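> below are the sequence and a predicted model; questions follow.
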Amino acid sequence: MKKNLIQLNNLSFNRGDKVILENVSLTVKQGSVVAIMGPSGVGKTTILKLITGQLRPDSGNVEVAGKCVSSMNHKNLYKLRRNIGVLLQNGALFTDLDVFENVAVPVREHSNLPEVLVRRLVLLKLQSVGLRGAVELMPSELSGGMARRVALARAAVLDPALMLYDEPLAGLDPIGASTIIRLIRDTNEAMEMTSVVITHSVEDMMQLADYAYIIANKKIVGHGTPDELRQNTDPQITQFLNGEIDGPVPFHYPADELTQDLLG
Amino acid sequence: MPAKKTKLITLRKPVQIVGRGILFFIQVLTSFRPSLKQLKAILSQVYFIGTRSLVIIMVCGFFVGMVLTLQSYLELSKFGATDSVGTVLALSLFRELGPVLTALLFSGRAGTSIAAEIGLMKATEQLSAMELMAIDPVQRVVVPRFFAGVICVPLLTALFNLTAIAGGVAYAVYIMGVDSGIFWSNMLSSVEFQRDFMMSFWKSLVFGIVATFIAVFSGYFTTPTGDGIGRATTQTVVVTAVLVLIFDFIITALMSWT
Ligand SMILES: Nc1ncnc2c1ncn2[C@@H]1O[C@H](COP(=O)(O)OP(=O)(O)OP(=O)(O)O)[C@@H](O)[C@H]1O
Ligand SMILES: [Mg+2]
């Protein structure tokens, strides 16, 4: 029986008066790849920020590696984050540094390795995302998909025990996407790395994840292995998995009746 | 009753901002580490900021020196006292115009770009990404820029004073034909090191702190959008100008008291 690396317990989170998440509980076992899925704007990125301690829950708590993130002080939080790699939704490369230096930032900051080793480490990571040839480019010279792969190399350069990916495959071509999928799976198996992947692509989830949670309407509406989810008959899940427009999960951000708005 | 309530609400925001400013100032000061890495980062920012402002400071200094001399020459010639034109130039420069104008020019040239740079880093989540890599963005981004600015402004003020005096000499001696020996000896005999020269230094130091702090503060707490960054840069110039002039009066009053 593997340990739980991440645990959200009855977690609620509000933005002002608006409830974003309500009573969410989920667990991520060590060494597994877990997908978090759901429609746009439902709070997936918010969950990621709660796990890294950038946001604090209004009630409930978040545990990572047995420690409560929600009540951690600045120093311990930073210590914890050294073991977590995060790929943000937009990559967030440092625009004043070239590709090589971007990937080298965490290495230089958290180790005193000699330059030769830094170079070797960075080039190996860039090789694994297929961008070793791009070391001298500036972030402004990269395409969106390339930038995301550089960001991925940067997040993984110190081989963290836990990787959090926010939409790692959006905007990648099929070859790029399957490279990244293989990369996530390989590092996961070889290094015993735990991964949380946020995605809204059902297909990617099926290929990538050992286990998935589906969020809709502020709550977790279903979870299970990809096969279990496929066989699930709950309308909230089938609607999401099959991309049906009509169903219990609304596509629209909450609003008054359209006719009322248009007529004033 | 309701009127009172709205008044309190409108007062709350400025108080909040000032409080946040004070806390941030303390955070910036305490985030300074005398490590090689940080000193290097500060030096490279000094280089960036310094080179950005060098030309504008020299050009403006030269013309300010000329126009000051021109104006005082006109007035002094009525009393036949044109020999003192160097005195007037040096005293007004060291005591007032040098530090104040340098701070305002610095804020317009370097302060705005610092604010925009940090604001953009925030908008593109680069600051967030640093936090997630367990790198303190205040330590890495704010501290080098702040201390570099504080070092640069006194140096730029000295440069401004120097070129302004050169401009004054160019006008008085080479155009109006004032005797250069008299020009210099009058200037030297009336400027006191402690009173005038140090006033220039203390003012420029305080203005450097004010101008750079406002720049990093506006950038760091900007609303992370294009519009927000625009507002942060404008705010940098306006707030700096107001604060510099207020501090100018306070420092002058304090220093002439003692
Ligand atoms: N800084 C913020 N201030 C206020 N509300 C916010 C902020 N960031 C996000 N929200 C709100 O929180 C909700 C969840 O946002 P979140 O970014 O977590 O969505 P998401 O599931 O990641 O969506 P997507 O798939 O489009 O990235 C949204 O309704 C959004 O309006
Ligand atoms: Mg998101």
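Ah, there it is. Ligands and ions are numbered 1, 2, ... in the order given.
> so residue 171: helix, strand or coil?
Just going to use chain A. The three-state label given to A:Gly171 by DSSP: H, G, I helix; E, B strand; the rest coil is coil.
> let me rephrase: I mean chain B.
Quick answer, by three-state DSSP: B:Tyr171 is helix.
> wait, it touches B:Phe62, no?
No. Using C-beta atoms under 8 Å, B:Tyr171 is not in contact with B:Phe62; the gap is 9.9 Å. No exception for glycine: its C-beta is placed from N, CA and C like everyone else's.
> centroid residue for chain B?
Geometric centre of chain B, nearest residue: B:Ala103, 2.3 Å, by C-alpha atoms, centre = their mean.
> please tell me I have it right and that residue contacts B:Phe207.
Yes. B:Ala103 is in contact with B:Phe207 according to C-beta under 8 Å; the separation is 3.6 Å.
> shared neighbours, those two?
Both B:Ala103 and B:Phe207 are in contact with B:Val153, B:Thr157, B:Val244, where contact means C-beta atoms under 8 Å, 6 or more residues apart in numbering or on different chains.
> write out the residues of the stretch 101-250 of chain A neighbouring ligand 1.
Contact residues (C-beta under 6 Å from any ligand atom) of the stretch 101-250 of chain A with ligand 1: A:His200.
> okay, now the unreliable bits of the stretch 101-250 of chain A?
Flagging of the stretch 101-250 of chain A using pLDDT under 70 yields the residue ranges A:244-250.
> tell me where it has strands.
For the stretch 101-250 of chain A, the strands defined by DSSP state E, counting those that start in this stretch occupy A:162-166, A:194-199, A:211-216, A:219-224.
> kindly report the same for chain B.
In chain B, no strands are defined using DSSP state E.
> what parts of the stretch 51-200 of chain B come near chain A?
The interface of the stretch 51-200 of chain B toward chain A, taken as C-beta under 8 Å from any C-beta of the partner chain, is made up of B:120-121, B:124-126, B:128-129, B:131-136.
> what's around the nearest residue to B:Ile118 once chain neighbours are set aside, how many residues?
Using C-beta to C-beta, 6 or more residues apart in numbering or on different chains and skipping the chain neighbours, the partner closest in space to B:Ile118 is B:Gly219 (3.0 Å). B:Gly219 has 29 neighbouring residues, counting by other C-beta atoms under 10 Å in any protein chain shown.
> next up, the contacts around B:Gly219.
B:Ile114, B:Ala115, B:Ala116, B:Glu117, B:Ile118, B:Gly119, B:Met121, B:Lys122, B:Ile229, B:Ala232, B:Thr236.
> how much space separates the closest residue to the fourth one other than its chain neighbours from A:Ala155?
Distance criterion C-beta to C-beta, 6+ apart; nearest residue to B:Glu117, sequence neighbours excluded, is B:Gly219 at 6.7 Å. Separation of B:Gly219 from A:Ala155 (C-beta to C-beta, to the nearest Å): 25 Å.
> list the residues that contact the closest residue to ligand 1 within the stretch 151-264 of chain A.
Of the stretch 151-264 of chain A, the residue with the smallest distance to ligand 1, taken as C-beta to the nearest ligand atom, is A:His200 at 5.8 Å. For A:His200, the contact set (C-beta under 8 Å, 6+ apart) comprises A:Met37, A:Gly38, A:Pro39, A:Ser40, A:Lys44, A:Glu167.
> B:Gly111 reaches B:Thr212, doesn't it?
Yes. With contact defined as C-beta under 8 Å, B:Gly111 reaches B:Thr212; the gap is 6.8 Å.
> which neighbours do those two share?
B:Gly149.
> which residues touch the closest residue to B:Val138 other than its chain neighbours?
Residue nearest to B:Val138 in three dimensions, not counting chain neighbours: B:Ser31, with 4.9 Å by C-beta to C-beta, 6+ apart. Going by C-beta under 8 Å, 6+ apart, B:Ser31 touches B:Asp136, B:Val138, B:Gln139, B:Val142, B:Val143.
> ok, B:Thr102 to A:Ser71 distance?
Between B:Thr102 and A:Ser71 the computed distance is 48 Å (C-beta to C-beta).
> higher neighbour count, those two?
B:Thr102 (32 against 11).
> could I get the full set of helices for the chain?
As the question left the chain open, I've gone with chain A. Secondary structure of chain A, counting by DSSP state H: helices at A:44-51, A:74-81, A:99-110, A:115-128, A:144-156, A:174-191, A:202-208, A:226-231, A:235-242, A:258-263.
> hmm, I had chain B in mind actually
Going by DSSP H, chain B shows helices at B:2-30, B:36-76, B:85-92, B:98-106, B:112-123, B:126-132, B:137, B:143-169, B:180-190, B:198-220, B:226-257.
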